[in-house]
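> pasting the structure only:
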């Protein structure tokens, strides 16, 4: 009985030992796994632009690449300069590439991007140069042909400024679009819009603008002469007074770069018709025997211009000067032949004189002779007001002498006279 109990107790003890041992092994395994996981590194392998992540305990480039399982050629270009600092290994396949620059070709074994290949060919590109058949960021492949398109500059002169654009190809129109410059149909462009540009060049744009303008002008009235027998020959008067008209002229002004170049008359519209002036010219001959036109013949044979016969009491010297008078005035006289009535209401005729009534009162009897001895106006009366009274600086004018005709007015003109107040 006791032996059985001992065997049972031994079996229970052995089972406990086995369980404890299993637990310890599990703990040790888990600790080992945790230790292993905590010591692993993540490395980024970039193969021809494609990224792969590798978790590894390995530290050398070769071992890491072997662990990655990537197919890497023996002649690939490997760059592990950033392995320690950033955990990056760059692998680029070396390819046979041709770079074409203008008329030169460069054949080389290149790796990386198209931009890298151009640099490896010893070439540089400006920010405006481009490539054909690929992008600068593309990775090279075998037998890739890279063509460099070199940019050229185009200077555009417009609106007093110069804009510069860079192009690898295109037309004049493309250059204007690149510079965001517009031109109207009237503007002048120094080159055709469809001209293909191939090298450094310049384009000039001349701005042309047409502006419509209106201008108002006066139309001078015309004058027509009509003959009439109601007026004596040498007399005239206005039958119809002329009135100027008006017209609107429309011009098209051409401005070149803001400056007026030319003006073209495009339309004329008469807005107000002018009124013709009609002048009547007398054709009637004055009666030759009329006392009103012939004046008076003195005893000594001298003929006066005035039609009034002097009184018998008026005695004259051999120089036709009164022997007796109240006052003598010397000054200038003008001749005239116009009007129908004097200021005192009498019909005009030779012998009625226009005076300044403040100097010589109306109805004053006078004897008038020219101081050069050529004219004896004769016995006259102050019956009209002279127009000279309204003139500035007319103090030297004494009177206006009415003449029987325009022609005689012209002959007499303006000359010095002496007035004898009777």
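Structure's in. What do you need? Only a predicted model underlies this, so the values are computations on that prediction, with no experimental measurement involved.
> Tell me the spacing between residue 278 and residue 229.
16 Å (Cβ to Cβ, to the nearest Å). (Glycine included, C-beta is placed from N, CA and C.)
> Neighbour count: those two, which is higher?
Legend: neighbour count by other Cβ atoms under 10 Å for residue 278 and residue 229, higher for residue 278 (15 against 10).
> The more buried one reaches residue 238, doesn't it?
Yes - judged on Cβ atoms under 8 Å, residue 278 makes contact with residue 238 at a distance of 7.2 Å.
> So what are the structural domains in the chain, by residue number?
41-92, 95-149, 152-206, 210-284, 291-421 (automatic domain parsing).
> Let me have these in JSON lines, extended by mean pLDDT.
Output for those, formatted as JSON lines (pLDDT from 0 to 100):
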{"stretch": "domain 41-92", "mean pLDDT": "84"}
{"stretch": "domain 95-149", "mean pLDDT": "94"}
{"stretch": "domain 152-206", "mean pLDDT": "95"}
{"stretch": "domain 210-284", "mean pLDDT": "94"}
{"stretch": "domain 291-421", "mean pLDDT": "90"}
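> does residue 85 belong to a helix or a strand, and which?
Assigned by DSSP states H and E, residue 85 belongs to helix 83-86.
> quick one: the residue most central in space within the chain from residue 310, how far?
Closest to where the C-alpha atoms of the chain average out (Cα atoms, centre = their mean) is residue 258, at 3.7 Å. Distance, residue 258 to residue 310, by Cβ to Cβ: 82 Å.
> try residue 285
Counting by Cβ to Cβ - residue 285 and residue 310 are separated by 29 Å.
> Looking at the two, which one has more neighbours?
residue 310 (19 against 10).
> Contacts only, for the more buried one.
Counting by Cβ atoms under 8 Å, 6 or more residues apart in numbering, residue 310 makes contact with 296, 367, 378, 379.
> Name the residues linked to residue 77 by a beta bridge.
Counting by DSSP bridges, residue 77 forms beta bridges with residue 92.
> ok, residue 323 - contacts?
So residue 323 contacts 315, 316, 317 (Cβ under 8 Å, 6+ apart).
> which of the residues you listed has the most neighbours?
Neighbour-wise, these (other Cβ under 10 Å) top out at residue 316, 17 neighbours.
> Can you give me the neighbour number for the closest residue to that residue other than its chain neighbours?
Closest residue in space to residue 316, ignoring its immediate chain neighbours: residue 322 at 6.1 Å, by Cβ to Cβ, 6 or more residues apart in numbering. Neighbour count for residue 322, taken as other Cβ under 10 Å: 19.
> quick one: residue 322 and residue 313 touch, right?
No - Residue 322 is beyond contact range of residue 313, at 10.1 Å (criterion: Cβ under 8 Å).
> got a list of contacts for the helix holding residue 85?
43, 44, 61, 89.
> For the third one, give me its contacts.
By that I understand residue 61. 78, 80, 83, 89.
> Top of these by number of neighbours, please.
residue 89 (22 neighbours).
> doesn't it fall inside a strand?
Yes - looking at residue 89 with DSSP: H, G, I helix; E, B strand; the rest coil, it is inside a strand.
> And it, how far from residue 119?
According to Cβ to Cβ, residue 89 and residue 119 sit 21 Å apart.
> Now do the strands in the stretch 251-400 of the chain.
Under the criterion DSSP state E, counting those that start in this stretch, the stretch 251-400 of the chain contains strands at 259-272, 277-284, 327-336, 352-355, 365-370, 376-385, 397-402.
> picking up where we left off before, what about the contacts of helix 83-86, which are in helices?
Filtering the contacts of helix 83-86 for membership in helices, criterion DSSP state H, returns residue 61.
> mind putting the contacts of helix 83-86 in a markdown table, distance to residue 152 included?
Below are the contacts of helix 83-86 laid out as a markdown table (distance: Cβ to Cβ, whole Å):
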| residue | distance to residue 152 |
| --- | --- |
| 43 | 47 |
| 44 | 42 |
| 61 | 46 |
| 89 | 42 |
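> Nearest to residue 408, out of the strands of the stretch 251-400 of the chain?
strand 327-336 (7.0 Å; Cβ to Cβ).
> Tell me the strands beside that closest one, with direction?
strand 397-402 (parallel), strand 414-421 (antiparallel).
> and these as a markdown table, adding distance to residue 124?
Below are these laid out as a markdown table (distance: least, Cβ to Cβ, whole Å):
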| stretch | distance to residue 124 |
| --- | --- |
| strand 397-402 | 101 |
| strand 414-421 | 100 |
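> if we compare these, which one ends up closest to residue 96?
Once the strands paired with strand 327-336 are compared by Cβ to Cβ, strand 414-421 is nearest, at 117.7 Å.
> Wait, residue 192 touches residue 173, no?
No - applying Cβ under 8 Å, one finds residue 192 not in contact with residue 173, separated by 9.2 Å.
> More neighbours: which of the two?
The residue with more neighbours, out of residue 192 and residue 173, is residue 173; 15 against 10, by other Cβ under 10 Å.
> For residue 239, which non-adjacent residue is closest in space?
Nearest one to residue 239, counting by Cβ to Cβ, 6+ apart, is residue 278 at 4.3 Å.
> tell me, what's touching residue 322 and residue 313 both at once?
Contacts common to residue 322 and residue 313, judged by Cβ under 8 Å, 6+ apart, are absent.
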